[in-house]
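Undergrad: With the sequence up front, the predicted model follows.
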Amino acid sequence: MNDSSWGASPRAGHWGAPEDTVTNGAADGSIADDTIIYPAGSAPDSGRGRKTPPMPTAPEPTPPPQPPAKKSAGRNLRAAIGVGLGLGAVIVASLFIVKAVFVGVVIVAAAVGVWELTSRLAERKGIRAPLIPIAAGGTAMIIAGYLRGADGAWVAMALTALAILVWRMTEPPENYLRDVTAGVFAAFYVPFLATFVVMMLAADDGPRRVLVFLLLTVISDTGAYAVGWRFGKHRLAPRISPGKTREGLLGAISFAMVAGALLMQYVIDDGRWWQGLLLGLAAAVSATLGDLGESMIKRDLGIKDMGTLLPGHGGIMDRLDSLLPTAPVVWLLLAVFVGTG
């Protein structure tokens, strides 16, 4: 494309905006050869052909640093506290008024826990653990343990396992071994371990023994939460439960040992404070292992909670996870320290 294709430059009075010119010595108004033509309004203030430097721009203000986000418990704390206080009131009332009522509370809790566990196994893994023989056998275990002690509980557990094997025979043989194995596990994990709670209750000072067991477990969980939330930096088992820390475990042990010493000295007949230190240590460790064990189950199933029955807590099994494995530990140590009563 040559220069003529752009057309001639318009003169004053013709179309287009007028042009600013800088002349050099042409008195008659004619355009000299060294004249520079600028578009209207863009002629330099001084000097021929010199461009005006751009005005400096003010730097943008730096936004203020954001404050660090506050730690959150991850649940509705108000609902959790309300439900916890309500459950505690029911348990304490049934524990000290009529022992049989507390046995009924344990049976109901174990039955609901079995229902939650078997339901999640069926939903997430397709495992069909037979609910009816597990729930019925669990009820028999708890009653037998309260009336006949450990021997009665073991006999009921064996009969429950046999009932699971027979019940599953009414369905096709595919995955038979998988289903009955899960059924026996559920029967042992929930109602059989819960039997040790009513075995503590059967002693003469049974309500106080159960109260010590419940308080130690709750205080251990509280110490783990409080210390871990405030000082937790080193994860305890990141693959299983990323929220748990070593500092939280130390808090659980410290809180439980102090509480154990006080409870054994002032609540349990013939108890000694040093026995309470050992009892608190064992309870904190077993409660933590129980919590990690259920966390492993929930991770395998790909769920956060076992249920939604308790607002702010999840399901019944999400509250029994630390209680169930702690029950046989506390029962055994109390039997060693002060006898079975």
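TA: Yes, it's here.
Undergrad: how long is stretch 167-178 end to end?
TA: Stretch 167-178 has an end-to-end distance of 14 Å (C-alpha to C-alpha, to the nearest Å).
Undergrad: List the buried residues for it?
TA: For stretch 167-178, a neighbour-count test (16 or more other C-beta atoms under 10 Å) marks Trp167, Arg168, Arg178 as buried. In this view, the C-beta of every residue, glycine as well, is placed from N, C-alpha and C.
Undergrad: is it true that the first one touches Leu131?
TA: So that's Trp167. No. Trp167 is beyond contact range of Leu131, at 9.5 Å (criterion: C-beta atoms under 8 Å).
Undergrad: in the stretch 101-250 of the chain, which spans are strands?
TA: In the stretch 101-250 of the chain, the segments counted as strands under DSSP state E, counting those that start in this stretch are 235-237, 241-245.
Undergrad: Let me have those in CSV, adding distance to Val212 as columns.
TA: Converted to CSV, the strands of the stretch 101-250 of the chain look like this (distance: least, C-beta to C-beta, whole Å):
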stretch, distance to Val212
strand 235-237, 26
strand 241-245, 25
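Undergrad: Relative to Ile142, tell me which of those strands wins on proximity.
TA: Closest of the strands of the stretch 101-250 of the chain to Ile142 is strand 241-245, at 28.9 Å (criterion: C-beta to C-beta).
Undergrad: Rebuild the strands of the stretch 101-250 of the chain as JSON lines, extending it with mean neighbour count and distance to Gly113.
TA: What follows is these, written out as JSON lines (neighbours: other C-beta atoms under 10 Å; distance: least, C-beta to C-beta, whole Å):
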{"stretch": "strand 235-237", "mean neighbour count": "18", "distance to Gly113": "23"}
{"stretch": "strand 241-245", "mean neighbour count": "18", "distance to Gly113": "20"}
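Undergrad: what sits up against stretch 326-341?
TA: Here stretch 326-341 makes contact (C-beta atoms under 8 Å, 6 or more residues apart in numbering) with 149, 193-194, 196-197, 199-200, 202-206, 209, 212-213, 216-217, 264, 268-272, 275, 278-279, 282-283, 286-287, 290.
Undergrad: Filter these down to the buried ones.
TA: Applying 16+ other C-beta under 10 Å to the contacts of stretch 326-341 flags 193-194, 196-197, 199-200, 202-203, 205-206, 209, 212-213, 216-217, 264, 268, 271, 275, 278-279, 282-283, 286-287, 290 as buried.
Undergrad: From the residues you listed, which land in helices?
TA: Among those, the ones falling in helices (DSSP state H) are 193-194, 196-197, 199-200, 206, 209, 212-213, 216-217, 264, 275, 278-279, 282-283, 286-287, 290.
Undergrad: What does the pLDDT read for the residue lying closest to Phe196 once chain neighbours are set aside?
TA: Spatially, and ignoring its direct neighbours in sequence, Phe196 is nearest to Ala327 (4.0 Å; C-beta to C-beta, 6 or more residues apart in numbering). pLDDT recorded at Ala327 is 98.
Undergrad: Determine the number of other residues adjacent to Ala327.
TA: Here the number of neighbours of Ala327 (other C-beta atoms under 10 Å) works out to 26.
Undergrad: Figure out how far the strand or helix carrying it is from the centre of its chain.
TA: With elements taken from DSSP states H and E, the one containing Ala327 is helix 323-338. With C-alpha atoms, centre = their mean, to the nearest Å as the basis, helix 323-338 stands 27 Å off its chain's centre.
Undergrad: Buried residues in it, which are they?
TA: 323-331, 333-335, 337-338.
Undergrad: Sort out which one of these lies nearest Ile303 for me.
TA: Leu324 (18.3 Å).
Undergrad: now that closest one, nearest residue through space, not along the chain?
TA: Leu324 sits nearest to Leu193 (C-beta to C-beta, 6+ apart), 4.2 Å away.
Undergrad: what sits against the one you found?
TA: Leu324, Pro325, Ala327, Pro328 are the contacts of Leu193 under C-beta under 8 Å, 6+ apart.
Undergrad: go on, Ile127?
TA: Neighbours of Ile127 in contact, by C-beta under 8 Å, 6+ apart: Leu121, Asn175, Arg178, Asp179, Ala182.
Undergrad: residue contacts, the third one?
TA: Listed by C-beta under 8 Å, 6+ apart, the contact set of Arg178 reads Ile127.
Undergrad: mind checking pLDDT for Met296?
TA: pLDDT, Met296: 95.
Undergrad: State the pLDDT value of Thr290.
TA: Thr isn't right for residue 290; it's Gly. At Gly290, pLDDT is 95.
Undergrad: now swap in Ala163 and tell me
TA: 98.
Undergrad: Surely it touches Gly138?
TA: No. Between Ala163 and Gly138 there is no contact under C-beta under 8 Å: 10.9 Å.
Undergrad: pLDDT weak spots in the chain?
TA: 1-80, 83-84, 312-313 (pLDDT under 70).
Undergrad: Helices of that one, start to end?
TA: 77-97, 99-125, 131-168, 176-187, 193-201, 206-231, 246-266, 273-301, 317-320, 323-338.
Undergrad: Fine, thanks again, bye for now.
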